[in-house]
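# got a sequence here, can you build the structure:
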Amino acid sequence: MNQELLFGAAYYLEYMPYDRLEQDIYMMQKARMNVVRIAESTWSTLEPIDGEFDFSYIDRVLEAVKKAGMMAIIGTPTYAIPSWLEKKDKDIMLTTNEGQKRYGHRQCMNIMNATFRFYAERIIRKLVLHTANHPCVIGFQIDNETKHYGTASEEVQKQFKEYLMDTFGTTKQLNKTFGLAYWSNSIRDWDDLPDMRGCINGGLSSEFERFLRSMAAQYLKWQAHIVREYKREDQLITHNFDFEWKKFGADIAQDGYSYGVQPDINHYEAAQAVTIAGADIYHPTQDYLTGAEIAFCGDEIRSLKDQNYYVLECQAQAFKNWTPYPDQLRIHAYSHLASGADGIMYWNWHSIHNGYETYWKGLLSHDLATNPTYEEACRLGKEWSNVGRRLLHLKKENKVAIVIDNQSLNALKWFPIDTKLRYNDVVRWMYDSLYEMNIECDVVDVNAFDTSKYRMIVTPALYSASEVTLIKLKKFIASGGVLVSSFKSFVSDEHLSVYSDRQPHILHECFQMSYNQFTEPGKMKLKGKVVNYFAELVKTDGAQVLAYYDHKYWKEYAGITRAEYQNGFAYYIACYTDKAVLKEIYRQALMDAGLESDTAKVCWPIIIRSGKNQENKIIHYVFHYSEKDGVFICPYEEVRDIISKREYKRGSQIELKDWDVIILEEE
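Numbers count the residues shown, from 1 in each chain. From the prediction side, this is the model:
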């Protein structure tokens, strides 16, 4: 693993309006940048004609980077194909529910097509062979923000049928598992399996989505296998995982941001392809900057391999609503480190002068000159050159976990909680409430969480849960753990077949409650706060009722319960309500888990993120996400601000200016 924080940007000499390589490297050095990420978007430049390769742009950048004492990450250029390749095979272009794509956009190809794979393998081999022995190349990024892209070609459907045959054995078992008798969807012969684009069975359709996610993960593993044939032992393999994109403001992509669990690839499964995980994280800024997206996305990526990661793309300026206020670029960067990132790279270095992303501005604007955002990056680079080694390899030992699940996400697309409340909204409701309370957590995949590491587990809308998972959670509670679960948890098995006994299945014994009806809240309130979207009508069987619904007709039903089960506790939150109510429940659950902290009274906009550095010293990042000045009362015995060198003791008053960052190291 690299022994300094990575600080740099994506750089495309091929896109420049004129040759300014030396000037760009000079400006990067002035900002104390030490890495560039190149090549992943430029297949048509690297191979302009079938079989004719031109790596001159790559060579020039690598030589300039080497001369400057910097590093480079090479990206395989497979997510944007050249136009000559599209003409090799009519099935290269992606086929989805909407039909076959036309050439032009990135990620418009069928990643399972044999012709595409042949040419993709060839360019990967040529590029990696050409660059692997260059001394400044520290590793390779495979593909770019890979997903399954909704592929549904005849070839993919055939492979899905083979997958079903291997998984379920007989059509009789398939019919039984998914209840295909409904609307006459059952089949007698495997050749009768219909096109999944018309499937009306949520379980079978979600199985197809699971297959597609695995297919995308296998595609990354395939690329990684090729790279491993050439790379040096000391070179990394990474990938820039992205997240579900939420629209923000006007209904255009440029006003969106990284929001929640990515539906079109399973990060945990795909991360097996890489030696170090990477992420692309974009978020609201200016008046809407909270740090929550940086924290959530970072906590999820860090948890994939239980190790530090790289932010391979993050914003510099981009759109009008992303132009950072003074000091916001700095707080962005330190917020990434506080989640466990070992470095950040901006997308991108320069603003592009034509093409689809012309107004996704880079660190430099279209005049390619210095500007306030670049100057703030220079300040940041100077700080990192002085204190970066003390911030490297931050380790966390969180005792709270949030469990996420692609299958539940997909299920709740088929069977929505409400037209305005999606799976990721529930995830972020439960995560953000912890974040605002300064309770750090891991964000872990349902197929990979280790209950022995945690004292409290939170399950947002874990609709799909196998009996193996349910028994695992039951044992966790029995052995002293605290489980906090939301509505729409533990409803179906792993194939989305709803359990036919008391809800929640198996765990009703731990929760000591059940329900068999749910409702539109209407005028309902809970603890004086409005209930929105959805409410389950809970009847208790020994559980303590923490809140009944305030409603003329539903007042006999519980909205929040707490139950003691053997050595642990189980909380059930049966409705979507105000964060203040959820935080009150969390406080009690944290006490049950023995997780009261020194910062329990500190809350957003002051955010504290902690861990141990590579010298085994405890580091506390103190962030002030506000345009107003603030005050933080030091809760630690003796600490020293790494940057300013000021010393503080418990009870000391620490002044915080707008968008401030203080990094305290315990003595």
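# what are the buried residues along the longest helix along the chain?
Scanning the chain for the longest helix, with DSSP state H as the assignment, gives helix 202-228. Buried positions in helix 202-228, judged by neighbour count with 16 or more other CB atoms under 10 Å: 202-220, 222-224, 226-227. (C-beta placed from N, C-alpha, C; glycine too.)
# ok, N398 touching F449?
No - here N398 does not reach F449: they are 11.8 Å apart, not a contact under CB atoms under 8 Å.
# got the phi and psi for the closest residue to K221 other than its chain neighbours?
Using CB to CB, 6 or more residues apart in numbering and skipping the chain neighbours, the partner closest in space to K221 is A273 (4.4 Å). Listed backbone geometry of A273 is phi -80, psi -20, with angles given as degrees, to the nearest 10.
# who's in contact with A273?
I142, A217, L220, K221, Q223, A224, I237, H239 (CB atoms under 8 Å, 6 or more residues apart in numbering).
# out of these, what pair is the most spread apart?
For the contacts of A273, the farthest-apart pair by CB to CB is A217 and I237; their separation is 14.0 Å.
# where does the nearest residue to E209 once chain neighbours are set aside sit: helix, strand or coil?
With CB to CB, 6+ apart as the criterion, E209 has its nearest non-adjacent residue at 5.0 Å, and that residue is N410. Taking DSSP: H, G, I helix; E, B strand; the rest coil as the rule, one finds N410 in the helix state.
# wait, N410 sits on L204?
No - under the contact definition of CB under 8 Å, N410 does not touch L204, with a separation of 11.6 Å.
# from Y515, how far out is the nearest residue to V661 once chain neighbours are set aside?
Distance criterion CB to CB, 6+ apart; nearest residue to V661, sequence neighbours excluded, is Y334 at 4.7 Å. Distance, Y334 to Y515, by CB to CB, to the nearest Å: 44 Å.
# same deal with E397?
Per CB to CB, E397 is found 36 Å from Y515.
# compare these two (neighbour count), which wins?
Comparing E397 with Y515 by other CB atoms under 10 Å, the one with more neighbours is Y515, at 19 against 10.
# beta-bridge partners for the more buried one, please?
Listed by DSSP bridges, the beta-bridge partners for Y515 are Q503, V538.
# what about the protein, any weak spots by pLDDT?
Scanning the chain for pLDDT under 70 picks out 1, 248-255.
# please redo it, this time with the cut-off set to 50
Within the chain, the segments meeting pLDDT under 50 span 251-253.
# how does it divide into domains?
When the chain is parsed with automatic domain parsing, its domains come out as 1-20+239-390, 400-592, 606-666.
# distance to E155 for those domains - can I get that in JSON lines?
Below are those laid out as JSON lines (distance: least, CB to CB, whole Å):
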{"stretch": "domain 1-20+239-390", "distance to E155": "18"}
{"stretch": "domain 400-592", "distance to E155": "22"}
{"stretch": "domain 606-666", "distance to E155": "46"}
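# and these: which comes nearest I92?
Minimum separation from I92 across the domains of the chain (CB to CB) falls at domain 1-20+239-390, 19.7 Å.
# just how off-centre is that closest one within its chain?
Centre-to-centre, domain 1-20+239-390 and its host chain are 13 Å apart (CA atoms, centre = their mean, to the nearest Å).
# just the element for the residue nearest the centre of the chain, please.
The C-alpha lying nearest the average C-alpha coordinate of the chain belongs to C297 (CA atoms, centre = their mean; 4.0 Å). C297 belongs to helix 292-305 when assigned by DSSP states H and E.
# for that helix, packing partners?
Helices and strands in packing contact with helix 292-305 are listed as strand 257-260, helix 267-270, strand 278-281, strand 309-314, helix 328-338, helix 423-436, strand 442-445; criterion 3 or more CB pairs under 8 Å, 6 or more residues apart in numbering; DSSP states H and E.
# and it, C-alpha only, in PDB?
Taking C-alpha atoms only, helix 292-305 is exported to PDB below (Å, rounded to 0.1, in the frame of the first residue of the first chain):
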ATOM      1  CA  ALA A 292     -23.400  13.000   4.900                       C
ATOM      2  CA  GLU A 293     -22.900  11.700   1.300                       C
ATOM      3  CA  ILE A 294     -19.100  11.700   1.800                       C
ATOM      4  CA  ALA A 295     -19.500   9.800   5.000                       C
ATOM      5  CA  PHE A 296     -22.100   7.300   3.800                       C
ATOM      6  CA  CYS A 297     -20.300   6.400   0.600                       C
ATOM      7  CA  GLY A 298     -17.000   6.200   2.300                       C
ATOM      8  CA  ASP A 299     -18.300   4.000   5.100                       C
ATOM      9  CA  GLU A 300     -19.700   1.600   2.500                       C
ATOM     10  CA  ILE A 301     -16.500   1.500   0.400                       C
ATOM     11  CA  ARG A 302     -14.200   1.100   3.400                       C
ATOM     12  CA  SER A 303     -16.400  -1.800   4.700                       C
ATOM     13  CA  LEU A 304     -16.100  -3.800   1.400                       C
ATOM     14  CA  LYS A 305     -12.600  -5.100   2.200                       C
END
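# can you give me the buried ones in that helix?
By neighbour count on 16+ other CB under 10 Å, the buried set for helix 292-305 is 292-304.
# how about the residues you listed in JSON lines, adding distance to K539?
Written out in JSON lines, the entries for the buried residues of helix 292-305 read as follows (distance: CB to CB, whole Å):
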{"residue": "A292", "distance to K539": "35"}
{"residue": "E293", "distance to K539": "38"}
{"residue": "I294", "distance to K539": "41"}
{"residue": "A295", "distance to K539": "37"}
{"residue": "F296", "distance to K539": "34"}
{"residue": "C297", "distance to K539": "38"}
{"residue": "G298", "distance to K539": "40"}
{"residue": "D299", "distance to K539": "35"}
{"residue": "E300", "distance to K539": "35"}
{"residue": "I301", "distance to K539": "40"}
{"residue": "R302", "distance to K539": "40"}
{"residue": "S303", "distance to K539": "36"}
{"residue": "L304", "distance to K539": "39"}
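# relative to L526, which of these is nearest.
Taking CB to CB as the measure, L526 lies nearest A292 of those, at 23.5 Å.
# shouldn't that closest one be in contact with S433?
No - checked against CB under 8 Å, the pair A292 and S433 is beyond contact range at 10.1 Å.
# if I look at K247, how far off is P284?
Counting by CB to CB, the gap between K247 and P284 amounts to 12 Å.
# equivalent analysis for E596, please.
32 Å.
# who's more crowded, the two?
The residue with the greater number of neighbours, taking E596 and P284 and applying other CB under 10 Å, is P284; the counts read 19 against 10.
# need the three-state assignment for the more buried one.
With three-state DSSP as the criterion, P284 was assigned coil.
# skipping its backbone neighbours, what lies nearest it in space?
Nearest to P284 is Y257, by CB to CB, 6+ apart, at 5.6 Å.
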